[in-house]
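Trainee: Got a predicted structure plus its sequence, pasted below:
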Protein chains: 2
Amino acid sequence: MLSKKTKYGLKALTYLASKKDQQPVQISEIAQAENISQKFLESILLSLRKSGFLGSKKGKGGGYYLIKDPREVLMTDVMRILEGPIAMVPCVSLNFYEKCTDCPDEASCSVNKLMLMVRDANLEVYRSHTLADLIA
Amino acid sequence: MLSKKTKYGLKALTYLASKKDQQPVQISEIAQAENISQKFLESILLSLRKSGFLGSKKGKGGGYYLIKDPREVLMTDVMRILEGPIAMVPCVSLNFYEKCTDCPDEASCSVNKLMLMVRDANLEVYRSHTLADLIA
DNA sequence: GTTTACTCTATTAGATTGATAGGGTAATTA
DNA sequence: TAATTACCCTATCAATCTAATAGAGTAAAC
């Protein structure tokens, strides 16, 4: 299940990307336009800023703005920041690998085998699409 | 994140499938072999029986056994029973469709667009593999 | 009729999620 | 330089889900 955090984050990024100019957009505007709890959105935008997707400007006329060209914002990076690991189990994760405590041998593990294929399929989707692809 | 229920369920199915004969296998044997809490496994096997994957036999020499040929057990069906919807959001789910309350128009929704691609990628994996493919 | 092993109900601790509140701080603008 | 604006941070909360556990019940086999 996709978390609301990711859902809202994606919507916010798309909203910013669809703006022609690079002018900062206030949180309240995004929250209202996309039906998102403003306070919750604040924390999401903050984490997107800290991970280098967004810039912010304080004071009057301030807000958030996209730093990169939408065509250069890979979904792999966005998803990893918002949703966390792309893999459904740690033992097939590229960036968050962890050995299973209960499973003696990964090579012969059926779950490992299936989840590896799922991970690759998802990666392929996320890797081949950018923020620009999500704009209508 | 894959739930333990699904993980255990897959392991149990694979364990049964890798047995040459169709003799019933006791819950305790599977639980021990796969490092699974026996009581938890009980409920999982029960739901797999109720959904037509397994048969069971009571009394001495009883246990669970696979009903179909492993090559005919599609991962789509297994995953839907164990994990639930394959889609990450209800608005792109084939079997569990639900309209988003917060989103006015699916066609122009960026989340919908991305999750649709992800769903298709996952479906492709699950649809093209059976229980037989998971056996080492 | 006793044993075996599946079946069912209920309960629980813990973690996570999504949302809310309230205040603090920095940067603009007048 | 003071007021305003809007970002920034901490804490809290109810609700939900997960995984595990316990205990009693029931059906089938020997």
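Mentor: In hand now; what should we look at?

Trainee: C-alpha only now, for contacts and for neighbours.
Mentor: Will do.

Trainee: Residue numbers of chain A in contact with DNA strand D?
Mentor: Residues of chain A found near DNA strand D (Cα under 7 Å from any atom of the strand) are A:25-28, A:39, A:42-43, A:45-46, A:49, A:56-64.

Trainee: which among those end up buried?
Mentor: Burial by neighbour count, judged by 16 or more other Cα atoms under 10 Å in any protein chain shown, picks out A:25-28, A:45, A:49, A:56, A:63-64 from the residues of chain A next to DNA strand D.

Trainee: Which of these fall within strands?
Mentor: A:56, A:63-64 (DSSP state E).

Trainee: residue boundaries of the helices in chain A?
Mentor: According to DSSP state H, chain A carries its helices in the segments A:4-18, A:27-34, A:38-50, A:75-82, A:110-127.

Trainee: The ones you listed: which one's closest to A:Leu94?
Mentor: Minimum separation from A:Leu94 across the helices of chain A (Cα to Cα) falls at helix A:110-127, 9.3 Å.

Trainee: Show the pLDDT at A:Gly62.
Mentor: We have a pLDDT of 89 for A:Gly62.

Trainee: And for A:Asn112?
Mentor: For A:Asn112, the model assigns a pLDDT of 97.

Trainee: residues contacting it?
Mentor: Contact analysis of A:Asn112 by Cα atoms under 8 Å, 6 or more residues apart in numbering or on different chains lists A:89, A:91-92, A:106.

Trainee: How about A:Gly9?
Mentor: When contacts are counted by Cα under 8 Å, 6+ apart, A:Gly9 touches A:41, A:44-45, A:82.

Trainee: hang on, the earlier thing: any idea which of the buried ones among the residues of chain A next to DNA strand D is closest to B:Val78?
Mentor: The nearest member of those to B:Val78, counting by Cα to Cα, is A:Leu45 at 37.5 Å.

Trainee: before we move on, back to that, now distance to B:Val125 too, for the helices of chain A, in TSV please.
Mentor: Output for these, formatted as TSV (distance: least, Cα to Cα, whole Å):
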stretch	distance to B:Val125
helix A:4-18	24
helix A:27-34	33
helix A:38-50	31
helix A:75-82	19
helix A:110-127	6
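
Trainee: Alright, I will stop here.
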